[in-house]
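Novice: Generate a structure from the sequence data that follows.
(2 chains)
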Number of protein chains: 2
Amino acid sequence: MMQETEISTLGEFGLIERLTKNFEIKNKSTSRGVGDDCAVIHNGDMETLITTDLLLEGIHFDLTYVPLQHLGYKAVVANVSDVVAMNGIPRQITVSLGISKRFTLEHMEQLYAGIHAACDEYGVDLIGGDTSASVTGLIISITCVGEARKDDIVYRSGARDTDLICVSGDLGAAYMGLQLLEREKAASAGIKDFQPDFAGREYLLQRQLKPEARVDVLEELRKLDIHPTAMMDVSDGLSSELLHICKASNVGCRVYEDRIPIDYQTASMAEELNMNLVTAAMNGGEDYELLFTVPLTDHEKVAQMKTAKLIGRVTKPELGAYMVTRDDAELEIRAQGWNAFTNE
Amino acid sequence: MMQETEISTLGEFGLIERLTKNFEIKNKSTSRGVGDDCAVIHNGDMETLITTDLLLEGIHFDLTYVPLQHLGYKAVVANVSDVVAMNGIPRQITVSLGISKRFTLEHMEQLYAGIHAACDEYGVDLIGGDTSASVTGLIISITCVGEARKDDIVYRSGARDTDLICVSGDLGAAYMGLQLLEREKAASAGIKDFQPDFAGREYLLQRQLKPEARVDVLEELRKLDIHPTAMMDVSDGLSSELLHICKASNVGCRVYEDRIPIDYQTASMAEELNMNLVTAAMNGGEDYELLFTVPLTDHEKVAQMKTAKLIGRVTKPELGAYMVTRDDAELEIRAQGWNAFTNE
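Specialist: Take a look at the predicted model:
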């Protein structure tokens, strides 16, 4: 049986010491990490990038089926992905936790094992945070600091008429993974020793439970000497992100239904659940793929890319944002992305 | 009657736009604020300081008696104070919110009015954040970015044997303000149109509800050419902070009971509530005063300070950390500071 240590026996500072003691500093820019009023960073002539995410139990994750280790990993990846989406290099994170009484030290060690694994994977230093009791549930707030040369930063606002629109990997799989987990959770209700059926769906689970930030896409862009004009990560769904870029850049867009990259498992799961596949791919969210635009003149370079695919083009703003369907109809793109403030 | 707008009618991005539209960028180092995957900061040759705080309803604040505007102000001050405690200049903040259904847009506008007032007071730019629904209660996670020249930064670890220990302002008033608010809350239970009795206690309320970060202490230190060897802000209580400095610097300390600065209202309230005054001053927390050590040779300079007072001296580590009482007894200093993981 797993050992169970009540967090109150350690206190706030004891808990922080215990959880952070195995984290080593990996970046030269981290002048001082955990243990003072502030962490200290030196970036010299580089720009400093800052992003932050709040993850709440019951809203963003369900511990019935999400292992704490995966949750820790994914929480870091979600932030790292935002730095990558600016064409930056992630360097440091702070981790703040609100912890209700049902969690033990061992639970928090599992969460931190995932945070540690992600820090190792992406070369990120843990430099601080805040830890507190919570009335109910687990609260995770992560801030990620990155760096980039000024001219390398890619904003959402740089897309121009006639640019090409590209997206990495495939879309909708993380959302289908969530549907699968929810289905098996519902099926397990009241059944002792229930064995969920995930055979042939491993990719969907991996996309939902252990997503990765697409550092490799940035590397391929550099190798091919492609400089995106605008870029975002796909966290709320492709529709929502396309509209963000259109608004920030004051442009319109056309994306082609038959070019939206979708994995076989995603399609098969959508069929089984009787869900609209394109809707899932356009609005699913949590894919952490990169959506970017490039000048039309980079067409041949983009065609060579292994990690990303051309899905559409940027237009004048008055042409609006539309998806061109397989039968050449135009559907207006709406942000049906996951909205934490509605009950949909 | 106040207008009430359900947050779900705005959505996450609508809410953020509405709340942040009146925040102007004040710092040259803020290259890009709200509205992209990351904020962008340029600090040149300066060191970047990062600190973060998580504030949870039911744990850190009680909206029965804390106005949302004050809560927003205090949440920023708590972070700014950490930057000040490193001898840094606060520059930017990110604000993440988890908001349960009982809060309306107007509530959040009150909170942001306080955040705005604090940003103006301390010259800080709001550069980003994350906003989500929460299952229960209000969650506030703020990260503050500051800057400092490398040689100006004061860590907790620089205190040396024979250094003098100083603290700014007075201690225990914020804690007594909390006791007063709690007493009036209890007294009001079940009574319609209850009028709380705060006469003559205005200072205690101000210390609890609208604390300030002691930028003025840094200014006086600079004016007198005093360079603290170690510094912290008093957020968890003097005892707790003294032990942090002793541990980080590997030293001991003696502080003198009769030198602990205490306001008249604090003393009078402690008497009325039959509480030990020195315990309240040593362990109360939330004072946001500055605790710092200076070389013995700065004795005469420190004596001239208007904002801070000499309260003790640093010793060799083997001498431990003790308070010398009025009758010359030595009481070991223990961290009875407010601990969110116990029920004390």
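
Novice: could you show me where the strands are in chain A, in order?
Specialist: Under the criterion DSSP state E, chain A contains strands at A:30-32, A:39-41, A:47-56, A:89-99, A:125-133, A:139-148, A:164-168, A:230-234, A:252-256, A:289-294, A:308-315, A:321-324, A:330-332.

Novice: B:A329 is nearest to which of the ones you listed?
Specialist: Counting by CB to CB, B:A329 lies closest to strand A:125-133 out of the strands of chain A; the figure is 34.7 Å. (C-beta placed from N, C-alpha, C; glycine too.)

Novice: so where do the helices sit in the stretch 201-344 of chain A?
Specialist: Applying DSSP state H, counting those that start in this stretch to the stretch 201-344 of chain A gives helices spanning A:202-209, A:215-223, A:238-249, A:264-272, A:277-283, A:299-303.

Novice: so can I have JSON lines of these showing mean pLDDT?
Specialist: Below are the helices of the stretch 201-344 of chain A laid out as JSON lines (pLDDT from 0 to 100):
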{"stretch": "helix A:202-209", "mean pLDDT": "96"}
{"stretch": "helix A:215-223", "mean pLDDT": "98"}
{"stretch": "helix A:238-249", "mean pLDDT": "95"}
{"stretch": "helix A:264-272", "mean pLDDT": "96"}
{"stretch": "helix A:277-283", "mean pLDDT": "94"}
{"stretch": "helix A:299-303", "mean pLDDT": "97"}
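
Novice: Relative to B:L238, which of the strands of chain A is closest?
Specialist: Using CB to CB, those put strand A:125-133 closest to B:L238, at 20.1 Å.

Novice: Count the neighbours of the nearest residue to A:L243 once chain neighbours are set aside for me.
Specialist: Using CB to CB, 6 or more residues apart in numbering or on different chains and skipping the chain neighbours, the partner closest in space to A:L243 is A:A335 (5.3 Å). Neighbour count for A:A335, taken as other CB atoms under 10 Å in any protein chain shown: 18.

Novice: Hmm, A:A335 is touching A:S240, no?
Specialist: Yes: proximity of A:A335 to A:S240 meets the contact threshold set by CB atoms under 8 Å, at 4.3 Å.

Novice: per-residue confidence at the residue nearest to A:L243?
Specialist: Looking at A:A335, its pLDDT stands at 80.

Novice: tell me the domain boundaries of chain A?
Specialist: A:7-151, A:156-189+A:197-332 (automatic domain parsing).

Novice: In CSV, list those along with distance to B:L204 and mean neighbour count.
Specialist: As requested, the domains of chain A are exported to CSV (distance: least, CB to CB, whole Å; neighbours: other CB atoms under 10 Å in any protein chain shown):
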stretch, distance to B:L204, mean neighbour count
domain A:7-151, 24, 21
domain A:156-189+A:197-332, 45, 19
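
Novice: nearest to B:I311, of those?
Specialist: B:I311 lies closest to domain A:7-151 among the domains of chain A, at 19.4 Å (CB to CB).

Novice: if we can go back for a sec, quick check: which of the helices of the stretch 201-344 of chain A is nearest to A:V83?
Specialist: Closest approach to A:V83 among the helices of the stretch 201-344 of chain A is made by helix A:215-223 (9.7 Å; CB to CB).

Novice: In PDB, list the C-alpha atoms belonging to the closest one.
Specialist: C-alpha atoms of helix A:215-223 as PDB (Å, rounded to 0.1, in the frame of the first residue of the first chain):
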ATOM      1  CA  VAL A 215       9.600  22.500 -30.600                       C
ATOM      2  CA  ASP A 216      10.400  20.200 -33.600                       C
ATOM      3  CA  VAL A 217       8.200  22.400 -35.800                       C
ATOM      4  CA  LEU A 218      10.200  25.400 -34.900                       C
ATOM      5  CA  GLU A 219      13.400  23.500 -35.800                       C
ATOM      6  CA  GLU A 220      12.000  22.500 -39.200                       C
ATOM      7  CA  LEU A 221      11.000  26.100 -39.900                       C
ATOM      8  CA  ARG A 222      14.500  27.200 -39.100                       C
ATOM      9  CA  LYS A 223      16.100  24.500 -41.200                       C
END
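
Novice: any weak-confidence spans in chain A?
Specialist: Along chain A, segments meeting pLDDT under 70 span A:1-2, A:337-344.

Novice: go with 90
Specialist: Applying pLDDT under 90 to chain A flags residues A:1-47, A:101, A:105, A:128-129, A:131-133, A:136, A:150, A:187-199, A:335-344.

Novice: before we move on, back to that, rebuild the strands of chain A as JSON lines, extending it with distance to A:K21.
Specialist: Output for the strands of chain A, formatted as JSON lines (distance: least, CB to CB, whole Å):
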{"stretch": "strand A:30-32", "distance to A:K21": "16"}
{"stretch": "strand A:39-41", "distance to A:K21": "16"}
{"stretch": "strand A:47-56", "distance to A:K21": "24"}
{"stretch": "strand A:89-99", "distance to A:K21": "14"}
{"stretch": "strand A:125-133", "distance to A:K21": "11"}
{"stretch": "strand A:139-148", "distance to A:K21": "19"}
{"stretch": "strand A:164-168", "distance to A:K21": "36"}
{"stretch": "strand A:230-234", "distance to A:K21": "32"}
{"stretch": "strand A:252-256", "distance to A:K21": "48"}
{"stretch": "strand A:289-294", "distance to A:K21": "35"}
{"stretch": "strand A:308-315", "distance to A:K21": "40"}
{"stretch": "strand A:321-324", "distance to A:K21": "49"}
{"stretch": "strand A:330-332", "distance to A:K21": "53"}
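
Novice: List the residues that contact A:Y288.
Specialist: The contact partners of A:Y288, taken as CB atoms under 8 Å, 6 or more residues apart in numbering or on different chains, are A:77-78, A:81, A:174, A:211-214, A:233-235.

Novice: out of those, who's nearest chain B?
Specialist: Here the nearest of the contacts of A:Y288 to chain B, counting by CB to the nearest CB, is A:D233; it sits at 6.4 Å.

Novice: give me phi/psi at the nearest residue to the closest one once chain neighbours are set aside?
Specialist: Counting by CB to CB, 6+ apart, A:D233 lies nearest to A:A85, which is 3.9 Å off, once chain neighbours are set aside. With angles defined as degrees, to the nearest 10, A:A85 sits at phi -70, psi -10.

Novice: ditto for the one 3 residues further on
Specialist: Dihedral angles of A:G88 (phi, psi; degrees, to the nearest 10) stand at phi -110, psi 170.

Novice: Ramachandran angles for the residue nearest to A:L243?
Specialist: The phi/psi pair for A:A335 (degrees, to the nearest 10) is phi -80, psi 90.

Novice: Would you check how far apart it and A:L277 are?
Specialist: 19 Å (CB to CB, to the nearest Å).

Novice: ok, A:P67 - contacts?
Specialist: A:P67 sits next to A:110, A:209 when contact means CB under 8 Å, 6+ apart.

Novice: quick one on the thing from earlier: can I get the helices of the stretch 201-344 of chain A in TSV with distance to A:G44?
Specialist: Output for the helices of the stretch 201-344 of chain A, formatted as TSV (distance: least, CB to CB, whole Å):
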stretch	distance to A:G44
helix A:202-209	37
helix A:215-223	21
helix A:238-249	29
helix A:264-272	43
helix A:277-283	41
helix A:299-303	31
